[in-house]
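**Student:** Pasted the sequence and its predicted model underneath.
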Amino acid sequence: MTLEALAGEEITKGMLSLIENNKANPSMESLTYIAERLGVEVAVLMESVSSQELREVLEEAEKLYNIEFEQKTDEYKRIITLVAPYIDKLTQGYEAARLLEMYSRCVYHEKSAGWEELSDRAAEIYEQMNLTAKRADVGLFRAMVKFSEHDYAQSLDILLRERAEVEANHAYIDPMTHVDFDYHEALLHFAIGDTESATRVMESAIDYSKKHRIFYRIDDLYRIAAASAMMTGNDEKKLYYTKKLKQYGDFADDLHSIIFYDLINAETLITEDDYVGALEIIDPYLSDPRLRENYGNWFYLGKGKSLYGLGRYEEALHWLEKIIIPSYAHHPFDLSLFFVMDSYKALCHMHLGNPDEALESAKLAVKNIAPLPHTPFKDFIHKTYQAIEKTKPAVDF
């Protein structure tokens, strides 16, 4: 409602503005009138907090929440402490919905109970305000919680349900939200091994993004397209999408896209037994401390595999032992790439005459890869384990 509509005949628009901004206290008669106009109980207004105060709380919470994930320390706890006194009063308006949304996510990240109910409240307010993109964000977060738990099927079910609800309740879905839904849906279809559905949704999203000239998430879409092509052995599509990714990276000066392009090229050279060529791509990244800090684990893996291919087993083992799987790596494509490191450790140990260590590493790789869908890396892990297991008795003898 506008101030004029709410004021009606009984209160001036100026006085209502003063009341709204906590610069004047209404009489009980005025408060009763306002409550009737809003269709709420007087008690709701008496318990409410001023919009200005909520804006100030929101501004502080946003500053804390938007700190880069890698740089966060106790920000989630600080947001919970900041917002907690207002939780029961967050009933309407954008500020209330956004605070509920952030608070629920912080509660989740702190591994506390009750975040779902808070998320529901935020979604309901966004729904009432017809804020489609924000409502969609809540649904995407709910789905990706299950994704981070590696429950990919449940994650996809939640996403499809949330998407259907948003599309049913909102006549217009803005292009960026549309692409967001498509990207995550494709990602999850790939995660459960449904390559056909994933490819259909992914290519539809790329066409849609081009058609609407928004190019939103186009780099993410090219990445999963290239990764999918690599996993399915489609060299033609892999070459096409990696080239597109390189073009985007050069145009947008996007370092992440360029690095991903180089990673795929290095992996391709390794599969072609061109280990020296792969190291020519990898080594410059490892010599840069800043890049090594952010992307080191991916390049440690490539270096270890390349050195193994060159027969430098002790050096390969050194680099493979440095790998720590990033906390943000949850997709089966990423995890498959990293889980193969234990197979390479096993092969290094086998060549170095350490059969027990070799079998232990090979078993670990098989255990880790078991829940994931089929990929060439899964085949390699099982093949490595079978080869090492066959040699074990002879080594013992």
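**Tutor:** Looks like it came in fine.
**Student:** Every contact and neighbour count from this point should use C-alpha atoms.
**Tutor:** Will do.
**Student:** buried stuff in the strand or helix carrying Arg135?
**Tutor:** Under the criterion of DSSP states H and E, Arg135 resides in helix 132-148. Within helix 132-148, the residues that count as buried by 16 or more other C-alpha atoms under 10 Å are 132-147.
**Student:** next structured bit after that helix?
**Tutor:** For helix 132-148, the following helix or strand on the C-terminal side (DSSP H and E) is helix 152-169.
**Student:** rewinding a little: which neighbouring elements make contact with the helix holding Arg135?
**Tutor:** For helix 132-148, the packing partners by 3 or more C-alpha pairs under 8 Å, 6 or more residues apart in numbering; DSSP states H and E come out as helix 115-128, helix 152-169, helix 175-191.
**Student:** Would you mind measuring from Thr232 to Ser257?
**Tutor:** Distance from Thr232 to Ser257, counting by C-alpha to C-alpha, to the nearest Å: 21 Å.
**Student:** Which residue of those two possesses the greater neighbour count?
**Tutor:** Neighbour count, other C-alpha atoms under 10 Å: between Thr232 and Ser257, Ser257 has more, with 23 against 15.
**Student:** Name the spans of this protein whose pLDDT lies under the cut-off.
**Tutor:** For the chain, the stretches flagged by pLDDT under 70 are 43-44, 46-49, 392-397.
**Student:** Quick check, central residue of it?
**Tutor:** In the chain, the centroid-proximal residue (C-alpha atoms, centre = their mean) is Met144; its distance is 6.8 Å.
**Student:** okay but that residue is in contact with Ser155, surely?
**Tutor:** Yes - using C-alpha atoms under 8 Å as the test, Met144 is close enough to Ser155 to be in contact (6.3 Å).
**Student:** Quick check: phi and psi on Glu95?
**Tutor:** With angles defined as degrees, to the nearest 10, Glu95 sits at phi -60, psi -40.
**Student:** Can you give me every residue that contacts it?
**Tutor:** Applying C-alpha atoms under 8 Å, 6 or more residues apart in numbering to Glu95 gives the contacts Ser51, Leu54, Arg55, Leu58.
**Student:** Pull out the buried residues from stretch 73-82.
**Tutor:** Buried, per 16+ other C-alpha under 10 Å, within stretch 73-82: Glu75, Tyr76, Ile79, Ile80.
**Student:** Check these and tell me the two furthest apart.
**Tutor:** For the buried residues of stretch 73-82, the farthest-apart pair by C-alpha to C-alpha is Glu75 and Ile80; their separation is 8.6 Å.
**Student:** Out of the helices and strands packed on helix 132-148, which one sits most buried?
**Tutor:** helix 175-191 (a mean of 22; mean count of other C-alpha atoms under 10 Å).
**Student:** elements contacting it?
**Tutor:** In terms of contacts (3+ C-alpha pairs under 8 Å, 6+ apart), helix 175-191 is packed against helix 132-148, helix 152-169, helix 195-211, helix 218-232.
**Student:** ok, Leu160 - contacts?
**Tutor:** Per C-alpha under 8 Å, 6+ apart, neighbours of Leu160: Glu185.
**Student:** Quickly note the distance from it to Phe251.
**Tutor:** The value you get for Leu160 to Phe251, if C-alpha to C-alpha is used, is 33 Å.
**Student:** repeat for Phe69
**Tutor:** Here the criterion is C-alpha to C-alpha. By it, Phe69 lies 26 Å from Phe251.
**Student:** cool, and Thr268?
**Tutor:** From Thr268 over to Phe251 the distance is 24 Å, taken as C-alpha to C-alpha.
**Student:** Between these two, point out the one with more neighbours.
**Tutor:** When neighbours are counted by other C-alpha under 10 Å, Thr268 and Phe251 differ, and Thr268 comes out ahead with 17 against 9.
**Student:** contact partners of the host helix or strand of the more buried one?
**Tutor:** Assessed by DSSP H and E, Thr268 sits inside helix 255-271. Applying C-alpha under 8 Å, 6+ apart, the external contacts of helix 255-271 come out as 219, 223, 227, 242-243, 245-246, 248-250, 275, 277-279, 281-282, 298-299, 302, 305-306, 309.
**Student:** The same query, at a cut-off of 7 Å, please.
**Tutor:** For helix 255-271, contacts defined as C-alpha atoms under 7 Å, 6 or more residues apart in numbering pick out Asp219, Thr242, Leu245, Lys246, Gly249, Tyr275, Gly277, Ala278, Ile281, Gly302, Ser306.
**Student:** CA atoms of the next helix-or-strand element following it as CSV?
**Tutor:** Sequence-wise, the next helix or strand downstream of helix 255-271 (DSSP H and E) is helix 275-286. Taking C-alpha atoms only, helix 275-286 is exported to CSV below (Å, rounded to 0.1, in the frame of the first residue of the first chain):
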residue,chain,number,x,y,z
TYR,A,275,53.4,-35.4,-20.1
VAL,A,276,56.0,-32.8,-20.9
GLY,A,277,53.4,-30.7,-22.7
ALA,A,278,51.1,-31.0,-19.7
LEU,A,279,53.9,-29.9,-17.3
GLU,A,280,54.5,-26.8,-19.6
ILE,A,281,50.9,-25.8,-18.8
ILE,A,282,51.0,-26.7,-15.1
ASP,A,283,54.3,-25.4,-13.9
PRO,A,284,53.8,-21.7,-14.5
TYR,A,285,50.7,-21.9,-12.3
LEU,A,286,52.5,-23.6,-9.5
